[in-house]
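Novice: No sequence on hand, only this structure:
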């Protein structure tokens, strides 16, 4: 179309907004809108009234002119989701992407418009041949997104420290996946978090918070754990160091082990059990060392634990094919070993040793009273001065002394965490959900336990049993506090 024709079309569109009109003195062939512009509307909406046009030449209607009507998108759009409108005849439900119409005796045509499911902009382009000219007209249209129907908030489940903040990434869409702009409200289940209208969240106290985001009918449930700040070590295809919120993970040793590890505060290092050796892994990056253990035949070292001074490493040693295990301790420099318990039955298992903070006793789990059972284990104490063993009768495994020596935390067979008062023998179940199945450790301040659950590595407040899972640590095993 040449410039003069386009100019006439524009004038015709503007003049047609209020009804039939023809540019004064115009003798050129034109297509005139007699029904007004196409108003913006949402996806899948149909135009309430038909679009009406007239073909005119020298100011008079022209009949039997074939007009081609089609949708043309404009602006930026995803080619996989092209915005468009479709067309149909009044009284007919059928809609098509293009339409050919012949003008009636009065030079008019009428058609209906239905908007597609992709939001965007475009024009209805109408073209025809009459009066010896190619004539064109463009009617702009706008398809707006529908009402909010789906909401995504990221991250889905995260952990942060006291005083930390983060911004939710919001993705709000309608039923047809068009992005929708608009406010998203955040409802918090606990005062441990605060939230601003723009989605910024701040941590003000420890706790587990359910975050409900909503906009219209769209809703998303997210979780935040406000966790204490500690440095951790764990197993994950080797030995890794990490922050307790799951950030700054780095591998310091690539040697994987199925056995838990322990840390010692005097000289930052870790110890991990292997089949017939103990590996000492310095946190600062010095070469990994292997402790030679004289006087012990072939066996598998399990659950190594430092004493408070770092002089001894307490281990369970698997000594036969019936999985019989004894308790031993080894000087951390490998110069001396001592057997602490002796098998009374080939299948007896004394495992999970942990020395008390004062060095007088060792807590462990044992199946001495039913060594043939697969799922039987009781918490027991070994007096290092006398060699006497006291079996508490409390079923469980993986016992761990609290830093002050007054309590022992351990796992029950239903996945619960229990805490025993050492002086009285009273046991309290601190938490049942989620199911715990891995190692257990106390924080240096005695306020928190750290366990491996089906929800990921989880902090447990010892006083209340409140659980704070850290989803970003779900792939690690047997985490311990670095002391």
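Specialist: Looks like it came in fine. Since this is a predicted model, take the numbers as computed values, not measurements.
Novice: mind showing which ranges of the stretch 201-350 of the chain have poor pLDDT?
Specialist: 255-261, 264-269, 274-276, 285-290, 292-299, 322 (pLDDT under 70).
Novice: and the residue nearest to residue 278 when sequence neighbours are not counted, how far is that from residue 352?
Specialist: Spatial nearest neighbour of residue 278, excluding adjacent residues (CB to CB, 6 or more residues apart in numbering): residue 291 at 4.3 Å. Every residue, glycine included, has its C-beta placed from N, CA and C. For residue 291, the distance to residue 352 equals 20 Å [CB to CB, to the nearest Å].
Novice: And these two? Which one has more around it.
Specialist: The residue with more neighbours, out of residue 291 and residue 352, is residue 352; 29 against 18, by other CB atoms under 10 Å.
Novice: The more buried one: what's it in contact with?
Specialist: Residues counted as contacts of residue 352 (CB atoms under 8 Å, 6 or more residues apart in numbering) are 303, 316, 364-365, 397-399.
Novice: if you set the cut-off to 10 Å instead, what comes out?
Specialist: 260, 302-303, 305, 314, 316, 325, 327, 362-366, 377, 379, 396-400, 410-411, 439-440 (CB atoms under 10 Å, 6 or more residues apart in numbering).
Novice: ok, now which ones touch the residue most central in space within the chain?
Specialist: With the centre of the chain defined as its mean C-alpha position, the nearest residue by CA atoms, centre = their mean is residue 156, 3.7 Å away. Going by CB under 10 Å, 6+ apart, residue 156 touches 211, 220-223, 471.
Novice: go on, residue 81?
Specialist: Residue 81 neighbours (CB under 10 Å, 6+ apart): 116-120, 176-178.
Novice: export those to a markdown table and tack on pLDDT?
Specialist: Output for the contacts of residue 81, formatted as a markdown table (pLDDT from 0 to 100):
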| residue | pLDDT |
| --- | --- |
| 116 | 96 |
| 117 | 96 |
| 118 | 97 |
| 119 | 97 |
| 120 | 97 |
| 176 | 96 |
| 177 | 95 |
| 178 | 96 |
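Novice: Could you list which of these belong to strands?
Specialist: residue 120 (DSSP state E).
Novice: out of the contacts of residue 81, which are buried?
Specialist: Neighbour-count burial within the contacts of residue 81 applies to 116-120, 176, 178; the criterion is 16 or more other CB atoms under 10 Å.
Novice: which of the residues you listed lies closest to residue 53?
Specialist: residue 116 (21.6 Å; CB to CB).
Novice: Any figure for the gap between the nearest residue to that closest one once chain neighbours are set aside and residue 98?
Specialist: Spatial nearest neighbour of residue 116, excluding adjacent residues (CB to CB, 6+ apart): residue 84 at 4.6 Å. Plainly put, residue 84 is 11 Å away from residue 98 if you go by CB to CB.
Novice: which one of those two has more residues nearby?
Specialist: When residue 84 and residue 98 are compared for neighbours, residue 84 comes out ahead with 20 against 11, by other CB under 10 Å.
Novice: between residue 84 and residue 98, what contacts are shared?
Specialist: With CB under 10 Å, 6+ apart as the test, residue 84 and residue 98 both reach 70-71.
Novice: before we move on, the earlier item: out of the contacts of residue 156, which one sits closest to residue 388?
Specialist: Comparing the contacts of residue 156 against residue 388 with CB to CB picks out residue 471 as the nearest, at 44.4 Å.
Novice: wait, that closest one sits on residue 457?
Specialist: Yes. Applying CB atoms under 10 Å, one finds residue 471 in contact with residue 457, separated by 8.9 Å.
Novice: how would you label residue 342: helix, strand or coil?
Specialist: coil (DSSP: H, G, I helix; E, B strand; the rest coil).
Novice: Quick check: closest non-adjacent residue to it.
Specialist: Per CB to CB, 6+ apart, closest to residue 342 is residue 326, 6.3 Å.
Novice: Give the bridge partners for the one you found, please.
Specialist: Taking DSSP bridges, one finds residue 317 as the beta-bridge partners of residue 326.
Novice: Count the neighbours of it for me.
Specialist: Neighbour count of residue 326, defined by other CB under 10 Å: 22.
Novice: Next: residue 216.
Specialist: 15.
Novice: for residue 124, same thing?
Specialist: 21.
Novice: who does it bridge with?
Specialist: residue 71, residue 139.
Novice: Tell me who's in contact with it.
Specialist: Neighbours of residue 124 in contact, by CB under 10 Å, 6+ apart: 38, 51, 53, 69-72, 85, 87, 99, 111, 113, 137-141.
Novice: Counting neighbours, which of those end up buried?
Specialist: Buried, going by 16+ other CB under 10 Å: 38, 51, 53, 69-71, 85, 87, 99, 111, 113, 137-139, 141, out of those.
Novice: picking that back up, can you list the buried ones among the contacts of residue 81 in JSON lines and add distance to residue 250?
Specialist: Below are these laid out as JSON lines (distance: CB to CB, whole Å):
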{"residue": "116", "distance to residue 250": "50"}
{"residue": "117", "distance to residue 250": "47"}
{"residue": "118", "distance to residue 250": "45"}
{"residue": "119", "distance to residue 250": "45"}
{"residue": "120", "distance to residue 250": "46"}
{"residue": "176", "distance to residue 250": "44"}
{"residue": "178", "distance to residue 250": "42"}
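Novice: Closest one of those residues to residue 462?
Specialist: Using CB to CB, the buried ones among the contacts of residue 81 come closest to residue 462 at residue 178, 49.6 Å.
Novice: just checking, that closest one touches residue 171?
Specialist: No. Using CB under 10 Å as the test, residue 178 is too far from residue 171 to be in contact (11.5 Å).
Novice: chain center to stretch 224-241, what's the gap?
Specialist: The chain centre lies 17 Å from the centre of stretch 224-241; the measure is CA atoms, centre = their mean, to the nearest Å.
Novice: Let's see the pLDDT reported for residue 22.
Specialist: Note for residue 22: predicted pLDDT of 43.
Novice: Next: residue 431.
Specialist: Listed pLDDT for residue 431 reads 82.
Novice: likewise the one 10 residues further on?
Specialist: With respect to pLDDT, residue 441 has a value of 93.
Novice: same deal with residue 47?
Specialist: 92.
Novice: Pull the number of nearby residues for it.
Specialist: Using other CB under 10 Å, residue 47 has 18 neighbouring residues.
Novice: quick one: contacts for it?
Specialist: Residue 47 sits next to 35, 38-39, 41, 85, 87, 111-115, 141 when contact means CB under 10 Å, 6+ apart.
Novice: These into JSON lines, with extra columns for distance to residue 149?
Specialist: Formatted as JSON lines, these follow (distance: CB to CB, whole Å):
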{"residue": "35", "distance to residue 149": "32"}
{"residue": "38", "distance to residue 149": "25"}
{"residue": "39", "distance to residue 149": "23"}
{"residue": "41", "distance to residue 149": "17"}
{"residue": "85", "distance to residue 149": "22"}
{"residue": "87", "distance to residue 149": "27"}
{"residue": "111", "distance to residue 149": "30"}
{"residue": "112", "distance to residue 149": "26"}
{"residue": "113", "distance to residue 149": "24"}
{"residue": "114", "distance to residue 149": "20"}
{"residue": "115", "distance to residue 149": "17"}
{"residue": "141", "distance to residue 149": "23"}
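Novice: Strands - which of those land there?
Specialist: Among the contacts of residue 47, the members falling in strands (DSSP E) are 41, 85, 87, 111-115, 141.
Novice: Pick the one among those residues closest to residue 463.
Specialist: Using CB to CB, residue 41 comes nearest to residue 463 of those, at 58.6 Å.
Novice: who does that closest one bridge with?
Specialist: Judged by DSSP bridges, the bridge partners of residue 41 are residue 143.
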